[in-house]
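*Asks:* sequence-free structure coming up:
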């Protein structure tokens, strides 16, 4: 039995980087194990599904899915807390974590596997990560295999020729809203990272290592890019702020979530319930069309349950102003 947690992950997996950053912040003893051929047997001991991250606990229990992993470990290692004491701010942080995992991943994944320059770079990087001592012929073969597999998965996040321009616009708009928020603070809710920081920063960090999004972040979102890098080794540099100090620049981010993410995830859940093969949802006056995704319906139910557990009138007012409340109250 190991005395530390073991994180089986990949440098190109936002969810792996998210969990590793969390363990680093909490100063929980852990070992990072890159998933590749020489670690595959050990990985399979703990993985019920072929995904990363997979965490092996000191008791040799396997944990999967980044949000439940963090929730489980947070309950066992509560300090320093990643949750603001204010119930309203705690829920907003949890909402942003969900937004990062589901919508942020859409932005990252589309750009990683859309333009040729990004496809070529990402496929070769993944090939070399999975087989660091392979020769050039083997790398070329693995690169071609990964390229073929991953470029065929765009439909999972709604990436298509019909949505490409929309997704680029969504990314640009989000960066333009985050930039002023990070001008005067290190993290989303103040001087220390919250649950929401881990979810969103990991997706944008992964976007930043790819050619196209890397250039976009460097030019359009330098404050946001600095936050992404800060979140690789996050620190407790002070308290969480109050809603009053956060509101001027966080309100627009919440309104973005209410304008794009929540209508999309609610429409996705409805399409699954109806057994539809595809759905169309109006996002800020433009139709977004894609096949439904099963996992998102589950995570929407989870965030709705968290919302129902908070009876704070202040939270209700914040969410109503942002256009979020109707989607969170439904179910």
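*Replies:* Received, thanks. Given the structure is predicted, the values throughout are model-derived calculations rather than measurements.

*Asks:* Now do the contacts for the spatially closest residue to residue 261 that is not a sequence neighbour.
*Replies:* Spatial nearest neighbour of residue 261, excluding adjacent residues (Cβ to Cβ, 6 or more residues apart in numbering): residue 103 at 4.2 Å. Glycine gets a C-beta too; all of them are placed from N, C-alpha and C. Counting by Cβ atoms under 8 Å, 6 or more residues apart in numbering, residue 103 touches 170, 257, 260-261, 264-265.

*Asks:* Confirm residue 103 sits in a helix?
*Replies:* Yes: checked against DSSP: H, G, I helix; E, B strand; the rest coil, residue 103 lies within a helix.

*Asks:* distance of it from residue 188?
*Replies:* From residue 103 across to residue 188, the span is 15 Å (Cβ to Cβ, to the nearest Å).

*Asks:* how about the helices in the stretch 101-250 of the chain?
*Replies:* 105-112, 116-130, 136-150, 164-181, 195-208, 211-220, 222-230, 243-256 (DSSP state H, counting those that start in this stretch).

*Asks:* Which secondary structure elements does the second one sit against?
*Replies:* Meaning helix 116-130. In terms of contacts (3 or more Cβ pairs under 8 Å, 6 or more residues apart in numbering; DSSP states H and E), helix 116-130 is packed against helix 105-112, helix 136-150, helix 211-220.

*Asks:* which of these is buried the deepest?
*Replies:* helix 105-112 (a mean of 23; mean count of other Cβ atoms under 10 Å).

*Asks:* how deep is residue 53 tucked in, by neighbour count?
*Replies:* Each residue near residue 53 was counted by other Cβ atoms under 10 Å, and the total is 25.

*Asks:* My error: substitute residue 298 in the last question.
*Replies:* Applying other Cβ under 10 Å, we find 12 residues neighbouring residue 298.

*Asks:* just the one 5 residues further on next, same as before
*Replies:* Using other Cβ under 10 Å, residue 303 has 21 other residues around it.

*Asks:* Mind listing residues that contact the helix or strand hosting it?
*Replies:* Here residue 303 sits within helix 294-308, counting by DSSP states H and E. Applying Cβ under 8 Å, 6+ apart, the contact partners of helix 294-308 are 67, 91, 94-95, 98, 101-102, 265-266, 268-269, 272-273, 319, 328-331.

*Asks:* repeat that with 7 Å
*Replies:* Here helix 294-308 makes contact (Cβ atoms under 7 Å, 6 or more residues apart in numbering) with 91, 94-95, 98, 102, 265-266, 268-269, 272, 328, 331.

*Asks:* follow-up on the earlier one: which of the helices of the stretch 101-250 of the chain sits closest to residue 33?
*Replies:* helix 116-130 (12.4 Å; Cβ to Cβ).

*Asks:* can you pull the buried residues of the closest one?
*Replies:* By neighbour count on 16 or more other Cβ atoms under 10 Å, the buried set for helix 116-130 is 118-119, 121-127, 129-130.
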